[in-house]
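Q: return atomic coordinates for the entry below.
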Amino acid sequence: MTVDKGTASIRTLPGSGVTGTSHLIHRTPARDHYFLDAPSLGEENFELAGELPLDHPLFNGGAGHFHDMLVATETIREVGELIGHRYFAIPADRPGLFYQFTLTLTDLAAWRDTGAGDTLPLATRIRARPANVVNDVPRGLDFHLGLTLGDRPCADGTARLVFLNSQVYRKHVAHTRWAKLSAPELDDAPDGEPVAVAAAEAGRRDPDTVVISEPADTTRGWLTCWLLTEGISPVFGTAGGRLTGLHLLEALRQASVVAVGRTHGLDPDRSTLGSVQVHFRGQAELDLPLRCVAVAGPLGRDPEGRASVPVTLTVTQRRRAVAEARTAVIQDH
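A: Predicted coordinates for the structure are as follows:
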């Protein structure tokens with residue numbers, strides 16, 4: 001770590017395949033520069049400086065009309081746990097789990113991909129506040145986010161992270177799995193082997209990055225599909241036999257795009273999520289089927305006159321909620 005004039009500490013984070021090497025800058029009041037290593041009990045401000053990826057199999061695997069907003073979810077996921085352990089003295093044996101996330105694009109034009117192939121700086125302002133403090137140690141953190149692409153502010157968001165004692169976490173995971181398997185009457189599985197929806201319809205180029213099936217029901221604006229966990233790109237990874245957050249968020253995005261395409265005819269090549277709100281309700285096991293239901297709302301217009309459709313989504317596993325989300329899909333002019 002290096003210190004800049006007593007007001008900022010800079011941590012260089014190794015490249016992760018998402019935004020490459022990035023720098024986490026801790027913005028501290030000048031009066032606190034002698035206490036940079038003291039754990040915080042109040043609000044702390046950071047900036048994560050990096051670049052948009054140029055050849056990521058997922059984030060650069062869309063139609064090419066927009067940069068991928070989900071890159072922001074990965075950047076905050078990568079540093080959220082680090083901030084808790086390093087700056088708020090949360091014990092290292094308590095893993096951090098995100099359970100709420102919101103992001104709204106405030107300047108859609110800034111997200112358009114010009115096709116120039118040049119690197120584009122991505123800066124994320126992070127305001128972190130401790131939550132549920134017990135004996136001067138937070139049990140969670142609340143984040144407020146502000147994104148800038150190049151020199152243009154382009155998105156705002158929030159994230160909430162809870163830190164669980166490792167033993168409690170293991171018991172929670174084991175109990176959740178037991179509860180899903182102990183009631184056979186809750187079994188919920190597709191009639192046959194799910195077939196992936198067409199990549200172009202989901203806004204993807206590579207079929208390996210498609211993570212939802214061909215919808216089984218599309219009546220009255222409802223779309224029911226299954227999440228795919230086999231035969232897909234390794235970019236989604238695994239989390240100890242459970243679905244990763246990236247995998248789940250991408251499934252919600254794809255289901256949203258397919259739902260508005262089939263209900264209102266929006267073009268997936270020119271569409272993007274203008275906003276996303278997700279509440280993670282529980283862990284998702286990779287070896288049990290996951291159902292996603294997406295309901296497209298009425299066709300409307302955003303302030304710039306672009307077609308905009310709200311979508312409500314629920315992901316369940318053996319009829320237990322895994323995630324609930326609301327998105328807005330916007331089609332560019």
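Q: tell me which other helices or strands the helix ranked longest in the chain touches.
A: Ranked by number of residues, the top helix in the chain under DSSP state H is helix 245-264. On a contact count with 3 or more Cβ pairs under 8 Å, 6 or more residues apart in numbering; DSSP states H and E, helix 245-264 meets helix 71-87, strand 222-226, strand 271-280, strand 291-296, strand 307-317, strand 320-331. For glycine as for every other residue, the C-beta is placed from the backbone atoms N, C-alpha and C.
Q: test my guess that D188 contacts T316.
A: Yes. Contact criterion Cβ atoms under 8 Å: D188 and T316 qualify, at 7.0 Å.
Q: between those two, what contacts are shared?
A: R291 (Cβ atoms under 8 Å, 6 or more residues apart in numbering).
Q: one step back: and the longest helix of the chain with strand 222-226, angle?
A: Relative orientation of helix 245-264 and strand 222-226, computed by axes from the mean of the first three to the mean of the last three Cα atoms, to 10 degrees: 140 degrees.
Q: now do helix 245-264, average pLDDT.
A: Helix 245-264 carries an average pLDDT of 96.
Q: export only the CA atoms of it, formatted as PDB.
A: What follows is helix 245-264, C-alpha atoms only, in PDB (Å, rounded to 0.1, in the frame of the first residue of the first chain):
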ATOM      1  CA  GLY A 245     -23.800 -14.400  -8.400                       C
ATOM      2  CA  LEU A 246     -22.600 -13.600 -11.900                       C
ATOM      3  CA  HIS A 247     -24.400 -16.700 -13.200                       C
ATOM      4  CA  LEU A 248     -27.700 -15.700 -11.500                       C
ATOM      5  CA  LEU A 249     -27.500 -12.100 -12.600                       C
ATOM      6  CA  GLU A 250     -26.800 -13.000 -16.200                       C
ATOM      7  CA  ALA A 251     -29.800 -15.400 -16.100                       C
ATOM      8  CA  LEU A 252     -32.000 -12.600 -14.900                       C
ATOM      9  CA  ARG A 253     -30.700 -10.300 -17.600                       C
ATOM     10  CA  GLN A 254     -31.300 -12.900 -20.400                       C
ATOM     11  CA  ALA A 255     -34.800 -13.700 -19.100                       C
ATOM     12  CA  SER A 256     -35.600 -10.000 -19.100                       C
ATOM     13  CA  VAL A 257     -34.400  -9.500 -22.700                       C
ATOM     14  CA  VAL A 258     -36.300 -12.600 -24.000                       C
ATOM     15  CA  ALA A 259     -39.500 -11.700 -22.100                       C
ATOM     16  CA  VAL A 260     -39.700  -8.200 -23.600                       C
ATOM     17  CA  GLY A 261     -38.700  -9.400 -27.000                       C
ATOM     18  CA  ARG A 262     -41.500 -12.000 -27.100                       C
ATOM     19  CA  THR A 263     -44.100  -9.800 -25.400                       C
ATOM     20  CA  HIS A 264     -43.400  -6.400 -27.100                       C
END
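Q: quick one: the residue positioned nearest the centre of the chain from A179, how far?
A: Against the mean C-alpha coordinate of the chain, by Cα atoms, centre = their mean, the closest residue is T73 at 3.9 Å. Separation of T73 from A179 (Cβ to Cβ, to the nearest Å) stands at 28 Å.
Q: what is the neighbour count of the closest residue to R242 other than its chain neighbours?
A: With sequence-adjacent residues excluded and distances taken as Cβ to Cβ, 6 or more residues apart in numbering, R242 is closest to Q283, at 5.1 Å. By other Cβ atoms under 10 Å, the residues close to Q283 number 20.
Q: Q283: what's it in contact with?
A: 173, 176-177, 242-243, 322.
Q: make a markdown table out of these and add neighbour count, secondary structure and distance to F88.
A: Listed next are the contacts of Q283 as a markdown table, based on neighbours: other Cβ atoms under 10 Å; DSSP: H, G, I helix; E, B strand; the rest coil; distance: Cβ to Cβ, whole Å:
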| residue | neighbour count | secondary structure | distance to F88 |
| --- | --- | --- | --- |
| V173 | 17 | helix | 24 |
| T176 | 18 | helix | 27 |
| R177 | 16 | helix | 30 |
| R242 | 17 | strand | 26 |
| L243 | 25 | coil | 27 |
| V322 | 22 | strand | 28 |
